[in-house]
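Trainee: Everything below, folded, please.
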Amino acid sequence: MKYSTSFRNSILRKVLPPENRSVYTVAKESGISAITIHCWIAKVKDGTMRLKQAGENPSSERTMAEKLNLLLEYQKIPEDQNGEWLRQNGLHTEHLRLFQQEITTTMANRTDEKDKKIRELEKRVKQQQKEMQKKDAALAEVVSILTLKKKLDAMRGISDGED
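Mentor: Numbering: from 1, shown residues only. Prediction:
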């Protein structure tokens, strides 16, 4: 039997965190085989099926800035108003933990990327400095050769034709 996506998601929300209810209890209540629910859980865990959260739709994906603002706002409210604030924003405490983890990971990755770019740029600068030193040495050698040639020509009495 094929179940609707919303029905399947409602069942999965009952057995997955934060509710964590027993698969067998939910199966008995809903009249679905426990094996079917276990298969759905396995698909969610291996990524072949996506579990939509309550009230979630593709256009409501939050940006990192929104997630950060929500976390900061949540920390400012008194503890006795947390539940009301979460309901008003359509969130659960698990969402806030996920937001925090995602922001931390993103910031760490960005820092690592910037450090890598800095190391690459420093390496390029050193390489270019070595090239400049080689070119400066070669130029100095050419200048000394031309100077010696002019002195030799002057000693032999050869004019360079600039008169």
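Trainee: then the helix or strand harbouring residue 65 to PDB, C-alphas only?
Mentor: Applying DSSP states H and E as the criterion places residue 65 in helix 64-76. Taking Å, rounded to 0.1, in the frame of the first residue of the first chain, the C-alpha atoms of helix 64-76 are listed here in PDB:
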ATOM      1  CA  MET A  64      22.500  31.300   7.600                       C
ATOM      2  CA  ALA A  65      21.800  34.900   8.600                       C
ATOM      3  CA  GLU A  66      18.200  34.000   9.600                       C
ATOM      4  CA  LYS A  67      19.400  31.000  11.500                       C
ATOM      5  CA  LEU A  68      21.900  33.100  13.400                       C
ATOM      6  CA  ASN A  69      19.300  35.700  14.100                       C
ATOM      7  CA  LEU A  70      16.900  33.100  15.500                       C
ATOM      8  CA  LEU A  71      19.600  31.700  17.700                       C
ATOM      9  CA  LEU A  72      20.500  35.100  19.100                       C
ATOM     10  CA  GLU A  73      16.900  36.000  19.600                       C
ATOM     11  CA  TYR A  74      16.200  32.800  21.400                       C
ATOM     12  CA  GLN A  75      19.100  33.400  23.800                       C
ATOM     13  CA  LYS A  76      17.700  36.800  24.700                       C
END
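Trainee: can you give me how far that helix is from the chain middle?
Mentor: Here the centre of helix 64-76 is set off from its chain's centre by 18 Å, with CA atoms, centre = their mean, to the nearest Å.
Trainee: And stretch 3-13, by the same measure?
Mentor: 30 Å.
Trainee: start the count at 2, not 1, going forward
Mentor: Let's use 2 as the start, then, which means that last one is stretch 4-14.
Trainee: How about that stretch, which residues are buried there?
Mentor: Neighbour-count burial for stretch 4-14, counted by 16 or more other CB atoms under 10 Å, picks out 9-10, 12-14. Just so you know, the C-beta spots here come from the backbone N, C-alpha and C atoms, and that holds for glycine as well.
Trainee: re the thing from before, list the buried residues for the helix holding residue 66?
Mentor: By 16+ other CB under 10 Å, the buried positions in helix 65-77 come out as 68-69, 71, 75.
Trainee: gap between the residue positioned nearest the centre of the chain and residue 21?
Mentor: Closest residue to the average C-alpha location of the chain: residue 107 at 4.0 Å, with CA atoms, centre = their mean. From residue 107 over to residue 21 the distance is 28 Å, taken as CB to CB, to the nearest Å.
Trainee: circling back to that earlier point, of the buried residues of helix 65-77, just say which sits nearest to residue 86.
Mentor: Nearest to residue 86 out of the buried residues of helix 65-77 is residue 75 (CB to CB; 6.6 Å).
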